[in-house]
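Visitor: A structural model of the following input is requested.
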Amino acid sequence: MVRLKTRYILFQLRYPQEVDETGVGGRGLPCDVPTESTSTLSARTLASTLRLSMTKNFGDEALADTLTSFVVKYFSNKTSTGILRVHRDAVERVLAAMFFVQTVEGRDVIWESVGVSGSISKCEKRAITRNRRVIRELRRAGGTEAEVDMAEAMLENLRGAGAEDDEL
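Guide: Sure, this is the predicted structure:
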């Protein structure tokens, strides 16, 4: 029996109306500041949107190739961050399909791929490292307490998703 080899894609949804053309928020804060998604946005909605993009841009055959292990393993509405599991051979097509998604639930969105990893634990570690950097930048740039709390919520959500405390 052959083992299915998968990859994990760490992604973040960004909402362009909240970022200016310089790539930073309206008050000069780093663009990595998390933005909350609507409460109706779910992992199922994201998966179906991505599948529709795959079909539209690459056809049914490409979609069939990705369906063997295509699952949104983690998604946080509070931080708009998630982890997607895909088949190893389909990573490039899934990343391209993410690029082509322009709206989710009627709201303009940029689906940013933060990183690709071979294990979910490495993906979580990358997210935690990134979130710590965002918190440091927010404090240095004079972010509001609510923005710092939002970034710290990213860490807490990932800890609850399975990251070990000794990894933090």
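Visitor: So for stretch 98-117, first residue to last residue, what's the gap.
Guide: 17 Å (Cα to Cα, to the nearest Å).
Visitor: Any buried residues in it, and which?
Guide: Across stretch 98-117, burial judged by 16 or more other Cβ atoms under 10 Å covers 98, 101, 104, 109, 111-112, 114, 116-117. Bear in mind the C-beta positions are built from the backbone N, C-alpha and C, glycine included.
Visitor: Rebuild these as a markdown table, extending it with distance to Leu10, pLDDT and secondary structure.
Guide: Listed next are the buried residues of stretch 98-117 as a markdown table, based on distance: Cβ to Cβ, whole Å; pLDDT from 0 to 100; DSSP: H, G, I helix; E, B strand; the rest coil:
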| residue | distance to Leu10 | pLDDT | secondary structure |
| --- | --- | --- | --- |
| Met98 | 12 | 92 | helix |
| Val101 | 16 | 92 | coil |
| Val104 | 18 | 89 | strand |
| Val109 | 16 | 88 | coil |
| Trp111 | 12 | 89 | strand |
| Glu112 | 10 | 89 | strand |
| Val114 | 4 | 90 | strand |
| Val116 | 8 | 94 | strand |
| Ser117 | 7 | 93 | strand |
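Visitor: could you show me where the strands are in the protein, in order?
Guide: Secondary structure of the chain, counting by DSSP state E: strands at 6-14, 71-76, 81-87, 103-104, 107-108, 110-117.
Visitor: Same list (the ones you listed) but as CSV, adding distance to Ser37.
Guide: Shown next, in CSV, are those (distance: least, Cβ to Cβ, whole Å):
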stretch, distance to Ser37
strand 6-14, 6
strand 71-76, 8
strand 81-87, 10
strand 103-104, 8
strand 107-108, 8
strand 110-117, 12
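Visitor: returning to that earlier point: just the buried residues of stretch 98-117 now: which is nearest Lys56?
Guide: Set against Lys56, the nearest of the buried residues of stretch 98-117 by Cβ to Cβ is Val101 (9.8 Å).
Visitor: how about that closest one, what does it touch?
Guide: Shown in contact with Val101 (Cβ atoms under 8 Å, 6 or more residues apart in numbering): 49-50, 53, 109, 111.
Visitor: one more time with 6 Å, if that's ok
Guide: Contact analysis of Val101 by Cβ atoms under 6 Å, 6 or more residues apart in numbering lists 49, 53, 111.
Visitor: What residues are bridge-paired with the last one?
Guide: For Trp111, the beta-bridge partners under DSSP bridges are Leu13.
Visitor: I'd assumed Leu13 was in contact with Met109.
Guide: Careful, residue 109 is Val and not Met. Yes. In terms of Cβ atoms under 6 Å, Val109 counts as a neighbour of Leu13; the distance is 5.3 Å.
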